[in-house]
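Q: no FASTA, just this:
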C-alpha cells in the first residue's frame, strides 16, 4: 500500500506538548513504519487516521489538504487502536465509522477547516497535537483547535463515540411529603418512575446525543381499612392521596459550532402507572382548606424531554420528546367524607396524559428549530362509592372523575437560519 501523506502522525520533537517539529516531508520519512502497521491491521486500509491512498510516496506541498475519505474506506481509531470502516462523511473534516465512532481527520499542525452555520462561518486551525505510542509509532489522540473567527482554543480528542444517548429511566422513587401540623392519620403514597438521562452536548465534530426515555410509573394497589379517622388541614393535598407518575424524558443534547449536525431529540415521557385504591367502611375523612380533597387517586404521565438547540451547526434544533398516556385508575370507597374548602372535591379520581417536550431552537444554523411533540391521552377512570360525601365550599364536587389529555410542546425558534 502506497501512502500519500501521514498527516496524523508527527515526529518525536512534535509530541504531546504540540511544539513545532521538522518539515512534513522529514516527518513522513521517519514514520514509514506506519505503512507496515496499517498493512498488518488490514490489507486494504485506505485511511490510517489522516492517511490517504496514492500510487507512490511523494513529498507533499507545504500545506496538504485534509484527507478525503468515502464510505467503505478504512480509517484507524487511535482510541480503540483498531481499523474501522467509514460509514458516513461528516463534512470535510471528520467521518463516522461502523464501530460507532466519529474520527477527526484534521490532525496535523496547520490543518484548517470551516464550519458554516446559516449566515456565519467559523474557521478552525490545528495549533498543537497530543500523541501516544503505539509500538514505535506516535499516534495523534487529541488536537488543540483554535477558532480563528473568535480567537479561542480548545482541546478535543481525535475520536469520540457516537453512542452516549441519555440513559433510560428505571425503577421508581417515592416522593416525600411532610403533613402540616394539625393533620391526623393522613395517607400519602406518591411514586414516580425514574427520569431519563439528558443527552450529551456536541461540539466541533462530536455529535450531540438524544435524551433517554422516562420510566413508566409503578402499579400501586392500596387498601385502607377502618376503623380509622383522618383529618387533613390546609396545605395538604387530601386526606388520602395515592398517585403513580411516569418519569420525565431527558433533554436532548445541544450542538455548538458543529460539523456533525444539530441538537438531538428529547426522550419520551414515561406513562402513568395503574392505580387501584380501595377505602373500606369505618373510615371517616374530614378536610379543611381550599383544594384539600377527601380522597385523591391519580395516574399521570411524565413530561417529554426538550429537544436540544443548534448553534451555528449543519443541523437545527432537536424535536421534543414524545408524550405518554395516563394509566388506569380504579377507586372503590365506602368512607364517610366531609370537606369544607372551595374546590375541595370529596373524591377526585384522575388520569392525566403527559405533556410533549418542546423543540430545540436553531441559532445561525443551516436547519430550522425542532418541532414540539403532541400531548398524551388520559387513561380510563372508574369510581364506585357506597358511603356518604358532604361538601360545603364553592365548586367542591362530591365525586369528580377525570380523564385529561396532556398538552403539546412548543416548537423551537429559528433565528438567522
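A: Received it, and whenever you're ready, just let me know what you need. Only a predicted model underlies this, so the values are computations on that prediction, with no experimental measurement involved. Numbering: from 1, shown residues only.

Q: what number of residues lie near residue 191?
A: With neighbours defined by other C-beta atoms under 10 Å, the count for residue 191 comes to 19. For every residue, glycine as well, the C-beta is placed using N, CA and C.

Q: so it touches residue 171, yeah?
A: No: distance between residue 191 and residue 171: 9.8 Å, which falls outside the contact criterion (C-beta atoms under 8 Å).

Q: part of a helix, is residue 92?
A: Yes: using DSSP: H, G, I helix; E, B strand; the rest coil, the assignment for residue 92 is a helix.

Q: And for it, the neighbour number?
A: 16.

Q: what about residue 135, neighbour count?
A: For residue 135, the count of nearby residues is 12 (other C-beta under 10 Å).

Q: show me where pLDDT drops low in the stretch 51-200 of the chain?
A: Flagging of the stretch 51-200 of the chain using pLDDT under 70 yields the residue ranges 51-64, 91, 116-120, 163.

Q: Show me the shaky parts of the stretch 301-417 of the chain.
A: Scanning the stretch 301-417 of the chain for pLDDT under 70 picks out 309-318, 356-375, 406-417.

Q: Can you pull the phi/psi pair for the spatially most central residue of the chain?
A: Nearest to the centroid of the C-alpha atoms of the chain, with distances taken as C-alpha atoms, centre = their mean, sits residue 211, at 1.9 Å. Residue 211 has phi and psi values of phi -70, psi 150 when expressed as degrees, to the nearest 10.

Q: how near is it to residue 110?
A: According to C-beta to C-beta, to the nearest Å, residue 211 and residue 110 sit 38 Å apart.

Q: Touching, residue 327 and residue 297? I think so.
A: No: applying C-beta under 8 Å as the test, residue 327 and residue 297 come out as separate, 10.9 Å apart.

Q: between the two, what contacts are shared?
A: With C-beta atoms under 8 Å, 6 or more residues apart in numbering applied, the overlap between the contact sets of residue 327 and residue 297 consists of residue 275.

Q: any idea which helix or strand carries residue 103?
A: Remark: residue 103 resides in strand 101-104, with elements defined by DSSP states H and E.

Q: Next up, the contacts around the residue nearest to the centre of the chain.
A: 165-166, 196-199, 249-253, 264-267, 305-306, 321.

Q: Check residue 343 too.
A: 290-291, 393-396.

Q: and if we set it to 10 Å?
A: Residues touching residue 343, when contacts are defined by C-beta atoms under 10 Å, 6 or more residues apart in numbering, comprise 290-293, 391, 393-397.

Q: So it, which state does it fall into?
A: For residue 343, the assignment made with three-state DSSP gives coil.

Q: So it versus residue 394, what's the distance?
A: Counting by C-beta to C-beta, the gap from residue 343 to residue 394 is 7 Å.

Q: Common neighbours of these two, please.
A: residue 290.

Q: what helices or strands is the longest strand belonging to the chain leaning on?
A: Across the chain, the strand with the greatest residue count (assigned by DSSP state E) is strand 120-134. Using 3 or more C-beta pairs under 10 Å, 6 or more residues apart in numbering; DSSP states H and E as the contact test, the elements touching strand 120-134 are strand 112-117, strand 137-147, strand 152-157, strand 255-258.

Q: at 7 Å what do you get?
A: When contacts are defined as 3 or more C-beta pairs under 7 Å, 6 or more residues apart in numbering; DSSP states H and E, strand 120-134 packs onto strand 112-117, strand 137-147.

Q: Distance to residue 405 for these - can I get that in CSV?
A: Shown next, in CSV, are these (distance: least, C-beta to C-beta, whole Å):
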stretch, distance to residue 405
strand 112-117, 37
strand 137-147, 46
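
Q: For residue 336, which of the ones you listed is the nearest?
A: Put simply, out of the helices and strands packed on strand 120-134 the one that sits nearest residue 336 is strand 112-117, at 66.0 Å, with distance taken as C-beta to C-beta.

Q: residue ranges of the strands in the stretch 151-300 of the chain, please?
A: In chain order, the stretch 151-300 of the chain shows strands spanning 152-157, 159-161, 172-174, 187-193, 202-204, 220-224, 228-232, 238-245, 255-258, 275-279, 283-287, 293-300, with DSSP state E, counting those that start in this stretch as the criterion.

Q: list the buried ones in the third one?
A: To tie it back to what came earlier, the one meant is strand 172-174. By neighbour count, and taking 16 or more other C-beta atoms under 10 Å as the criterion, the buried residues in strand 172-174 are 172-173.

Q: could you check the angle strand 152-157 makes with the longest strand of the chain?
A: Here strand 120-134 points in a direction 40 degrees away from that of strand 152-157 (axes from the mean of the first three to the mean of the last three C-alpha atoms, to 10 degrees).

Q: Surely residue 390 and residue 340 touch.
A: No: using C-beta atoms under 7 Å, residue 390 is not in contact with residue 340; the gap is 9.2 Å.

Q: just so I have it, where are all the helices in this structure?
A: Secondary structure of the chain (DSSP state H): helices at 24-30, 33-41.
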